[in-house]
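Visitor: The following comprises the amino acid sequence and a computationally predicted model.
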Amino acid sequence: MATTQNRTVSQRKILVLGATSGIAEATCRIWASQGASLFLVARNAEKLNAVAQDLRARGASFVEAAVADLDDTDRHPALLAHAVNAMGGLDVAYLAHGVLGDQTRAEQDFNSTARILHTNMIAPVSLITWLANFFVERHTGTIAVLSSVAGDRGRKSNYVYGSSKAGLSAFLDGLRNRVDREGVNILTIKPGPTKTAMTASMKGSEKFADVNAVAKAIVTAIDKRMDTLYVPFQWQPIMFVIRHIPERVFKKLNL
Ligand SMILES: NC(=O)c1ccc[n+]([C@@H]2O[C@H](COP(=O)([O-])OP(=O)(O)OC[C@H]3O[C@@H](n4cnc5c(N)ncnc54)[C@H](OP(=O)(O)O)[C@@H]3O)[C@@H](O)[C@H]2O)c1
């Protein structure tokens, strides 16, 4: 059987932050079918209970859940310690929570911008800092984080969201450079547009990537201890081209 560091895949202990996210739920369904232990955190108790019940029915060997607004960084240390104690250890931490925000509103209102940056970057950085130090002490573990292709280059239609993900991706790059030598794997996940609640109202969303295919690629990337995952894969060359468009041209585009 495939192994993730010391434990077999089926014995893995996984913490999921933002467990009611469409992408997280689809990923957890795969892990549940493998018999993993899951500790789920989300802010909506009703949705969280439904997800937890579904994952138990699908074969997870252990499922416990905690309700928390992850914007509340003061709660993070106690929350994370509780999750580790409940599962009796931790192999993988998966961060999935995030908001798209309202770009038009944020352009006029700094507080809206600050809220998006807090939820998508500052709060994850608080969680990741605790988790990285926990794993470094044990010389093992994986932190897998949902960033976005939107963070690869700011553009006028979503640069507030994009900059929150750019900051998050850069933080993960630096952290990886620090902790890889300690045996800790940092996976930056950069999905392109994917069919979930976040994108349901967007034009053309019916053509977006299937959430189950995205989840499958994420599970494989974690198993292979990859550094970065563009998913679907074609977003890697697309973003390479977009990143290299000269600024004098890029600033005239309507993207
Ligand atoms: N879908 C895409 O096209 C796409 C593309 C690239 C990256 N991503 C990223 O992938 C991640 C998952 O997104 P998704 O597509 O699965 O969207 P989603 O279904 O809307 O999930 C977002 C989740 O974040 C949770 N959340 C937001 N703020 C929170 C907070 N303060 N505390 C706790 N939970 C909070 C939401 O909880 P509630 O349900 O309670 O609101 C929701 O469960 C996000 O980080 C997103 O930025 C998505």
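Guide: Structure received.

Visitor: Let's test this: mean pLDDT of the helix or strand where residue 162 lies, rounded?
Guide: Using DSSP states H and E, residue 162 maps to helix 159-179. The pLDDT scores in helix 159-179 average 98.

Visitor: what comes into contact with it?
Guide: With contact meaning CB atoms under 8 Å, 6 or more residues apart in numbering, helix 159-179 is reached by 99-101, 103, 106-107, 112-113, 116-117, 119-121, 124-125, 128, 132, 135-136, 143, 145, 147-148, 150-155, 186, 188, 190, 227. Yep, even glycine has a C-beta here, placed from its N, CA and C like the rest.

Visitor: Over to stretch 47-57?
Guide: Stretch 47-57 is contacted from outside by 19-20, 25, 28-29, 32, 38, 40, 42, 63-65, 67, using CB under 8 Å, 6+ apart.

Visitor: cool, and stretch 234-254?
Guide: Here stretch 234-254 makes contact (CB under 8 Å, 6+ apart) with 149, 152, 153, 155, 156, 190, 191, 192, 230.

Visitor: just those that are near the ligand?
Guide: residue 191 (CB under 6 Å from any ligand atom).

Visitor: By neighbour count, which of the contacts of stretch 234-254 wins?
Guide: Tallying neighbours with other CB atoms under 10 Å puts residue 191 at the head of the contacts of stretch 234-254, with 23 neighbours.

Visitor: the strands in the stretch 101-250 of the chain, which residues?
Guide: Along the stretch 101-250 of the chain, the segments classed as strands by DSSP state E, counting those that start in this stretch run 142-146, 185-191, 228-231.

Visitor: JSON lines for those, including mean pLDDT?
Guide: Putting these into JSON lines (pLDDT from 0 to 100) gives the following:
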{"stretch": "strand 142-146", "mean pLDDT": "99"}
{"stretch": "strand 185-191", "mean pLDDT": "99"}
{"stretch": "strand 228-231", "mean pLDDT": "98"}
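
Visitor: Reformat those strands as TSV; add distance to residue 86.
Guide: Shown next, in TSV, are those (distance: least, CB to CB, whole Å):
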stretch	distance to residue 86
strand 142-146	19
strand 185-191	23
strand 228-231	28
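
Visitor: Nearest approach to residue 95 belongs to which of these?
Guide: Residue 95 lies closest, by CB to CB, to one member of those: strand 142-146, at 4.5 Å.

Visitor: strands paired with the closest one, and their directions?
Guide: Strand 142-146 has the following sheet partners, assigned by DSSP bridges: strand 92-95 (parallel), strand 185-191 (parallel).

Visitor: And the ligand, is the shortest one touching that?
Guide: No. Contact between strand 92-95 and the ligand is absent, the nearest approach being 7.6 Å (criterion: CB under 6 Å from any ligand atom).

Visitor: Next to the ligand, which bits of the stretch 101-250 of the chain? Give me the list.
Guide: So the stretch 101-250 of the chain meets the ligand at 119, 146, 148, 191, 193, 194, 196, 197, 198, 199 (CB under 6 Å from any ligand atom).

Visitor: ok, back up a step: and the contacts of stretch 234-254, which two are furthest apart?
Guide: Longest span within those, CB to CB: 156 and 230, 22.4 Å.

Visitor: What about the residues of the stretch 101-250 of the chain next to the ligand, which are in helices?
Guide: Among these, none falls in helices (DSSP state H).

Visitor: Select only the buried ones of the residues you listed in PyMOL?
Guide: Burial among those is assessed by 16 or more other CB atoms under 10 Å; the matching PyMOL selection reads:
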select buried, resi 119+146+148+191+193+194+196+198+199
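
Visitor: can I get the residues of the stretch 101-250 of the chain next to the ligand in JSON lines with distance to residue 168?
Guide: Below are these laid out as JSON lines (distance: CB to CB, whole Å):
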{"residue": "119", "distance to residue 168": "11"}
{"residue": "146", "distance to residue 168": "9"}
{"residue": "148", "distance to residue 168": "9"}
{"residue": "191", "distance to residue 168": "13"}
{"residue": "193", "distance to residue 168": "18"}
{"residue": "194", "distance to residue 168": "17"}
{"residue": "196", "distance to residue 168": "18"}
{"residue": "197", "distance to residue 168": "20"}
{"residue": "198", "distance to residue 168": "16"}
{"residue": "199", "distance to residue 168": "19"}
